[in-house]
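Asker: Can you look at this prediction? I've put the sequence above it.
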Amino acid sequence: MKKLFQVMLALVLAASMTACTSTPSNTPSETTGDQGISGTFEGTGSGKGGEIKVSVTLENSKITAIEVTKHNESDIISEAMDMLAEEMITKNSTNVDSISGATLTSAGFKVAVGDAIDQSGATLVENEVAAHQPTAVEETYDVVIIGAGGAGMAAAITAAENGASVAVVEKLKMAAGSTLLSGAEMAAPGNWLQEEGEDSPEQLIEDMLVGGGNIADVDLVTTLANNALDAAEWLRDDIQVEWEDELMHFGGHSITRSLVPVGATGEEVMMKLRTKAEELGVVFYYDTKAESILMEEGKAVGVSGANTEGNGDTLTLHANNGVILATGGFGSSVEMREKYNPAYGEGYKSTDSVGSTGDGIVMAEAVGANLVDMEYIQTYPYCDPISGGLLYIDDARLYGHSIIVNKEGKRFVSELDTRDVMSNAILEQTGQVCYELIDSTAWASDKIEENHGGEVEYMFAMNQLVKADTLQEAAEFFGIDAAALEETVNNYNSYVESGVDEEFGRGSLNGKIETAPYYIVVATPAVHHTMGGVQINTEAQVIDTEGNVIDNLYAAGEVTGGIHGTNRLGSCAIADIMVFGRIAGANAAANK
Ligand code: ADP
């Protein structure tokens, strides 16, 4: 068993890190000595979703075409490869910058193209690219939105549906944000998969308030809970998001109420939102970082920004009706984390988008906005110890047939407790890691391999995931006390039978751990959500330090504070960004 993993590790590391695998089937159609090399050559690399194969056409040692012939990257992320290909052709070089937000895909693509060039034997000479003449673009729209994550897209679509002309400024090359990287599950009380009368907004309000340490703004929580179902139906019916036909039960919720988009990642939601926004004529300014909110007589009247690659281009957008901040949180800024809560400094990796650096909070503060709950930073308990990436494999924990143990083979927390409680408990265990044991029933029914094949391949390759026929074998791979693990599983299965978790009071005991082969994945907490941010009212209007509304300035999503208290419950972020994104979009559009 161990040997197999060593071989896999060597293979995948070779492809995914820096090296590349050669493809012997390259057949140059024509090679002309002095003029350089011509022909079509194949190369291989490895991205986030596994193997990437490309076919590169050279004419006299100039790249004229790059075709991706095989990949398993998500649709949104795969667009990064088209962008890189275009730049490589323009420059006649593989020496181009990676696309932020698609780093693994970019690296794998560059390796694949480099491999094809190596196969060809060509020496590429970079094209001279004409010096860029900086431009200063200035336009006027009804509504200007900063940030093309989930909240920004919900706001943009709603504003456009209400008749406004809308522009979105996004500092990365694509509409994605942390929303894309999330599982995009959405808490929606009373949803179509629940029994009639089984759930209510009131029950969600109570769960959110208790889960957030009873400090959240009750009016904001109430607005979220009362509008979450409507937002989910809007996503389903208007945006055409498709949902799985099973709900998930997240920690801290008293009932199973969270909808799961097909594929169980943010891709389905973000792709469909972007398609809709484009259909409605929303204008996107990518690669453009908003730097300040333009104010006149106490009113927000626009946004100014600059090209992110330092080419000197500037952008000024005037907003007739309103500016909406939808810039996400600050999970990826170690500096801001240290400023507001030093406990979450450098020692933590982050699950968030590289774009989550708190820019909107800084811009809002500069125009007088009040900030609330800034010290509350949430870690996601189950992340890749190497990259900090959120582990989708962990979905199994929420469905059942799965437990969390420590190196000593013992459970130490309810697997359905809140994220803060679970994270703190993990950090107290040996090596500050935990081990998630998943049986084959969960593995198959949760579609772990089908939905998250790239992650599974990567985690196997990095020796962070094992599959074994017996519990003992799986335990030994990680040096877990195997006898203790077997006893723990027997005890847990008896709790499933009796319906009572005598040790940790886990609420939902759905499914014994009994079907081989068994999987164990190692995990540790990483920063996931920043609960604090700009204060808003229930109309998504930004509030200043004196408690007054800042005219024409709205905010929605993770950039805001006060909604989740000390700790956000799983699947409440999507409800939050959709509900308040739509409110901000509608109000800004109507704000003539
Ligand atoms: P939310 O879940 O609240 O929608 P996301 O993280 O999904 O938050 O999206 C926030 C988006 O805002 C990201 O795409 C991020 O790159 C973008 N963003 C952050 N700061 C700026 C800025 N200064 N200018 C333009 N876009 C920004």
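Answerer: Yes, it's here. A quick note: this is a predicted structure, and the numbers were derived from the prediction, not measured.
Asker: Could you report the neighbour count for the residue of the stretch 151-300 of the chain found nearest the ligand?
Answerer: Closest approach of the stretch 151-300 of the chain to the ligand (CB to the nearest ligand atom) occurs at Gly177, with a separation of 2.3 Å. All C-beta atoms are positioned from the backbone trio N, CA, C, and that covers glycine. Number of residues near Gly177 (other CB atoms under 10 Å) recorded here: 31.
Asker: Could you double-check that it lies in contact with Gly149?
Answerer: Yes - contact criterion CB atoms under 8 Å: Gly177 and Gly149 qualify, at 2.4 Å.
Asker: which neighbours do the two share?
Answerer: Shared contacts of Gly177 and Gly149 (CB atoms under 8 Å, 6 or more residues apart in numbering): 270, 328, 353, 355.
Asker: how about the residues of the stretch 351-500 of the chain near the ligand?
Answerer: Within the stretch 351-500 of the chain, the positions near the ligand by CB under 6 Å from any ligand atom are 353, 355-356, 359-360.
Asker: Looking at these, point me to the pair that's furthest apart.
Answerer: Ser353 and Gly360 (13.1 Å; CB to CB).
Asker: Give me the distance between the residue of the stretch 151-300 of the chain closest to the ligand and Thr357.
Answerer: Using CB to CB, to the nearest Å, we find Gly177 at a distance of 12 Å from Thr357.
Asker: domain ranges for this structure?
Answerer: Following automatic domain parsing, one gets these domains for the chain: 2-120, 136-191+240-376+533-572+583-590, 379-526.
Asker: so which of those gets nearest Leu229?
Answerer: Smallest distance to Leu229 across the domains of the chain (CB to CB): 4.8 Å, for domain 136-191+240-376+533-572+583-590.
Asker: beta partners of the residue nearest to Glu59 when sequence neighbours are not counted?
Answerer: Leaving aside its sequence neighbours, Glu59 sits nearest to Ser38 (CB to CB, 6 or more residues apart in numbering; 5.1 Å). When assigned by DSSP bridges, Ser38 has beta-bridge partners Glu30.
Asker: measure Ser38 to Ala112 for me?
Answerer: In terms of CB to CB, Ser38 sits 20 Å off from Ala112.
Asker: When the two are compared, which one has more neighbours?
Answerer: When Ser38 is set against Ala112 and neighbours are counted by other CB under 10 Å, the residue ahead is Ala112, at 33 against 19.
Asker: Let me see the contact set for that one.
Answerer: When contacts are counted by CB under 8 Å, 6+ apart, Ala112 is found next to 20, 43-45, 52-54.
Asker: Looking at those residues, which is nearest the ligand?
Answerer: Of all the contacts of Ala112, the ligand sits closest to Ile52, with 23.8 Å by CB to the nearest ligand atom.
Asker: what about that closest one, which SS state?
Answerer: Assigned with DSSP: H, G, I helix; E, B strand; the rest coil, Ile52 falls in the strand class.
Asker: So what's the residue count around it?
Answerer: Per other CB under 10 Å, the neighbour tally for Ile52 reads 29.
Asker: Just confirm it contacts Ser46, I think it does.
Answerer: Yes - Ile52 is within contact range of Ser46, at 6.4 Å (criterion: CB under 8 Å).
Asker: which residues do the two both contact?
Answerer: Common neighbours of Ile52 and Ser46, counting by CB under 8 Å, 6+ apart, are 108, 111.
Asker: which one of Ser353 and Gly360 has more residues nearby?
Answerer: When neighbours are counted by other CB under 10 Å, Ser353 and Gly360 differ, and Gly360 comes out ahead with 27 against 22.
Asker: Check the contact between the more buried one and Ala326; I expect there is one.
Answerer: Yes - using CB under 8 Å, Gly360 is in contact with Ala326, at 7.4 Å.
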